[in-house]
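> task: produce atomic coordinates for the following.
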Amino acid sequence: MSDFNLEAHAGSKSCRSSAVGMGRPPLAFVVFVCLLLIPTGVMLHGDEPLIQIGDTFIQADDGGWTIGNDLVRYAIGDTGNGVGIRAIQDPVTAHDWNHGAAPDSYVMVNGARVNIGGAPTQLVDAEVSEWWGGVKLDVRYRLPSASLLITRSYAAYPGSSVIEMWTTFTEEAARSVVLSELTDYAMSIDNGTLSWVTGLGALPENGGAFTRFAGDLDDGQSFDLGSENRVSEQSLPFYSIQVGEDQFFGSIIWSGSWRFHALRRDDTVQLQIGMPAFQTTLGAGASLEMPHAVFGLTNRRVPSTSMALAGFIEKAVRKGRPMSSYVSYNTWYSYGTFVDEGSMLAEMESAASLGIEQFVVDAGWWYHINPDDPSDFSRNWGNWEVDPERFPNGLGALTARAHELGMRFGIWVEPERVALSTVGEPGLAKERFLASVSGRYDPSVPNSAATSAQICFADPEARTWVLNKLLTFLGDVQPDYIKWDNNFWINCNRAGHGHGAQDGNFQHQFGLQSVLEQVREAFPNIEIENCASGGNRLSLDMLSRTDVAWVDDRTDPSIYVRHNMEGLIGLLPPSYLLSFAVGPIEGVADTQTGDAGYVLRSRMLGSFGLSWLMSGMDEGPRAEIRKQIDLFKRVRPLLTRSSGTLLSAQVITFPDQPWSGWDAVEYLTPDATQAVLFAFNTADSQPVALLHMKGLRPGVVYTVESADVGPIGSATGAEIMAAGVEVSASGVSLGHALIFRAQ
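Model prediction:
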């Protein structure tokens with residue numbers, strides 16, 4: 001990563017044989033219009049859209065195509081040197097971000113660079129179709145020298161200022177080709193202030209986890225983001241470039257390694273996003289669909305990236321599957337692995353009496369755990385055998401009791417890892433399933449000192465073994481929810497797994513997608529939690545396949561939880577982001593302890609969880625917890641449909657910069673008729689904060705209610721946004737919640 005002045009901010013069926021992509025809608029919902037194009041590059045043109053869904057359309061014009069809607073338009077076509085970018089236009093402001101005419105993607109084929117749409121590719125044809133409630137354009141090219149068919153796909157969706165794009169490669173001859181430098185898109189756009197967010201593994205001296213940063217590139221300076229392992233270990237897969245009040249932003253829809261590169265040239269930033277440098281082989285007659293990526297625009301109509309992404313996430317990522325955001329209890333911080341039937345049944349009773357809706361038994365339910373250490377969840381993991389002494393009636397009895405109490409039941413699994421002590425046992429993992437790097441299961445220690453290993457999901461036999469164990473287990477337990485954990489990672493280079501020496505990460509992710517999709521097919525109503533030692537796999541890809549994500553294994557104090565949420569909500573929906581209140585209600589100041597509103601509302605910025613011993617808790621704290629759970633349930637119908645926007649500086653948790661002041665987040669429904677404003681102050685902050693909300697409907701009158709004092713007035717959206725909302729410190733709580741509803 002290059003240095004520059006940084007400032008922490010607050011402020012068709014799938015065409016491939018081995019990879020699992022976003023998928024195609026059912027055939028009944030697909031409408032095709034084929035545009036056969038002659039080799040000279042002369043294309044159809046006209047004023048009428050080729051296809052239109054709501055305000056979203058594809059139009060052929062002047063030797064090219066435009067795809068978009070009232071919020072974004074992307075145009076490609078004959079630029080005199082092949083098919084290149086013509087415009088990246090914001091229809092609201094008439095701002096064209098584009099500064100280039102080159103093809104918008106490239107790849108290395110057998111070591112030679114190929115600009116897709118330029119020489120030596122040949123344009124074949126194009127096709128438009130309805131696509132998950134939006135529209136899709138497929139432009140096909142052929143690379144004769146490699147007998148390779150290359151399809152560039154573009155999609156747009158109503159109500160979202162986002163364009164999605166990806167590439168599919170099909171080898172048509174009886175030979176294989178080597179692909180590398182897989183690039184989702186490469187563009188030249190206006191120079192502006194570059195922003196990004198650190199990953200879970202960022203060191204404290206580099207800002208720590210999920211910290212917003214921004215800076216300006218010098219002329220000739222480059223900047224890189226990405227990960228060599230899991231997607232959000234080093235950086236969140238997200239960037240933005242701001243010019244004035246408008247932003248150009250993007251992300252890759254992927255859970256493995258990735259790269260983003262930016263280079264400033266005068267008033268232009270050349271950027272690209274895609275896969276890191278590795279080689280992968282495409283066999284004879286095989287197809288490979290690359291991970292998808294997006295770019296999007298913000299403006300005065302969609303003033304934040306989360307608002308711009310909302311329609312895309314609903315239609316293309318979640319495919320209409322709602323976010324539930326149940327009030328969850330998790331056993332990890334209260335019990336560790338020392339769980340048993342009796343204690344779980346007693347804790348369920350207490351949790352249900354507080355209004356908790358989902359009870360999740362974390363790690364430790366299997367046979368032969370470590371009896372001396374409740375934090376050791378690796379001992380004998382992978383035997384998939386419920387401990388009959390601690391759970392004599394099986395885990396299904398807990399599911400049944402949870403349902404009797406009106407709760408859902410969840411259980412922990414870690415399908416991609418096993419303890420080495422279980423390997424080779426009858427019916428358990430074979431040694432050949434294990435991922436390794438240069439022969440080591442864990443590159444940091446000799447194999448004789450290793451205790452666990454990763455299962456390589458690129459290997460079909462290994463995937464089948466994991467899937468069979470998992471489906472059998474789920475069939476026995478019948479949970480409503482599974483916590484899918486992933487606590488160990490290496491990029492396998494072992495031969496015989498269905499990948500090469502360099503693309504173990506790449507192929508494992510496709511295998512993971514396949515397993516998750518088969519679990520969903522077998523148990524369509526089950527909800528899946530994405531956990532990878534916390535948030536090492538936070539991405540739009542995992543959002544499409546899982547329903548909630550554990551943000552960080554460190555889940556207190558409240559200021560740290562809010563810091564993480566405020567860093568992540570620019571890309572991911574708040575209801576996807578899970579954190580927990582743990583232990584006794586934390587003290588927040590010498591003069592104000594046990595502030596349940598502050599502690600629990602800090603967790604309401606995302607999906608709301610608790611993990612501490614409920615049995616034996618005094619009635620005073622129980623009453624306060626019930627009160628806050630009731631508040632969350634009241635505003636949840638709004639929160640689960642809303643995008644989140646940070647209205648202040650991000651809470652900073654740098655060790656040498658103690659935080660003092662206010663921080664605030666706004667949640668706004670897609671129709672902008674309802675909003676919740678959460679604001680937090682410290683004991684030594686200014687007594688009043690003036691907060692300017694965004695995205696309200698100017699001519700609509702909103703009633704405003706405080707969660708603590710009741711109705712406090714009404715005003716139009718224009719008045720609220722112009723004058724601001726004044727939030728005052730109170731003796732009730734350091735956490736404030738205001739609810740806005742259109743009259």
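
> quick one: the helices in the stretch 251-400 of the chain?
305-312, 332-335, 341-353, 396-404 (DSSP state H, counting those that start in this stretch).

> let's have the ones you listed in JSON lines, adding mean pLDDT and distance to residue 672.
From N, CA and C alone the C-beta is placed, and that goes for glycine too. Converted to JSON lines, the helices of the stretch 251-400 of the chain look like this (pLDDT from 0 to 100; distance: least, C-beta to C-beta, whole Å):
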{"stretch": "helix 305-312", "mean pLDDT": "96", "distance to residue 672": "9"}
{"stretch": "helix 332-335", "mean pLDDT": "95", "distance to residue 672": "38"}
{"stretch": "helix 341-353", "mean pLDDT": "97", "distance to residue 672": "36"}
{"stretch": "helix 396-404", "mean pLDDT": "98", "distance to residue 672": "38"}
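
> domains for this structure, by residue range?
7-11+15-316, 328-550, 645-742 (automatic domain parsing).

> closest to residue 562 out of those?
In terms of C-beta to C-beta, the element of those nearest to residue 562 is domain 645-742, at 5.0 Å.

> separation between residue 619 and residue 112?
For residue 619, the distance to residue 112 equals 73 Å [C-beta to C-beta, to the nearest Å].

> more neighbours: those two, which one.
Using other C-beta atoms under 10 Å as the criterion, residue 619 and residue 112 rank with residue 112 on top: 11 against 8.

> any stretches of the stretch 1-150 of the chain with poor pLDDT?
Of all residues in the stretch 1-150 of the chain, those with pLDDT under 70 make up the ranges 1-47.

> where along it do the strands fall?
Applying DSSP state E, counting those that start in this stretch to the stretch 1-150 of the chain gives strands spanning 7-8, 33-36, 51-53, 56-60, 64-68, 73-78, 83-90, 95-96, 106-109, 112-115, 122-131, 134-143, 148-156.

> select, out of those strands, the one closest to residue 552.
From those, taking C-beta to C-beta, the stretch that ends up closest is strand 7-8, at 17.7 Å.

> following the helix or strand hosting residue 726, which helix or strand comes up?
Per DSSP states H and E, residue 726 falls inside strand 725-728. Next along the chain after strand 725-728, taking DSSP H and E as the criterion, comes strand 735-742.

> counting by contacts, list what that following strand packs against.
In terms of contacts (3 or more C-beta pairs under 8 Å, 6 or more residues apart in numbering; DSSP states H and E), strand 735-742 is packed against helix 596-603, helix 619-639, strand 674-681, strand 701-706, strand 725-728.

> 10 Å instead, please
helix 596-603, helix 619-639, strand 662-668, strand 674-681, strand 701-706, strand 710-716, helix 717-723, strand 725-728 (3 or more C-beta pairs under 10 Å, 6 or more residues apart in numbering; DSSP states H and E).

> distance to residue 595 added to the domains of the chain, as CSV?
Compiled in CSV, the domains of the chain are given as follows (distance: least, C-beta to C-beta, whole Å):
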stretch, distance to residue 595
domain 7-11+15-316, 22
domain 328-550, 18
domain 645-742, 5
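
> mean pLDDT for these: which is lowest?
The minimum mean pLDDT among the domains of the chain belongs to domain 7-11+15-316 (a mean of 89).

> and it, how far out from the chain middle?
In terms of C-alpha atoms, centre = their mean, to the nearest Å, the centre of domain 7-11+15-316 is set 17 Å apart from its chain centre.

> likewise stretch 735-743?
For stretch 735-743, the distance to the chain centre is 27 Å (C-alpha atoms, centre = their mean).

> so which bits of stretch 269-277 are buried?
In terms of neighbour count (16 or more other C-beta atoms under 10 Å), stretch 269-277 has its buried residues at 269-276.

> cool, and stretch 721-741?
721, 725, 727, 729, 733-741.

> same check, this time on stretch 278-298
Going by neighbour count (16+ other C-beta under 10 Å), the buried part of stretch 278-298 is 278-280, 282, 286-298.

> now stretch 514-531
So, applying 16+ other C-beta under 10 Å, buried residues of stretch 514-531: 514-516, 518-520, 523, 526-531.

> contacts for the strand holding residue 726?
Residues from elsewhere that reach strand 725-728 (C-beta atoms under 10 Å, 6 or more residues apart in numbering): 647, 662, 664, 666, 677-681, 686-693, 704, 706, 715, 736, 738, 740.

> measure stretch 353-364 end to end?
25 Å (C-alpha to C-alpha, to the nearest Å).

> can you list the buried residues in that stretch?
354-364.

> would you turn these into a markdown table with distance to residue 124?
Compiled in a markdown table, the buried residues of stretch 353-364 are given as follows (distance: C-beta to C-beta, whole Å):
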| residue | distance to residue 124 |
| --- | --- |
| 354 | 62 |
| 355 | 59 |
| 356 | 57 |
| 357 | 53 |
| 358 | 51 |
| 359 | 55 |
| 360 | 51 |
| 361 | 54 |
| 362 | 52 |
| 363 | 52 |
| 364 | 56 |
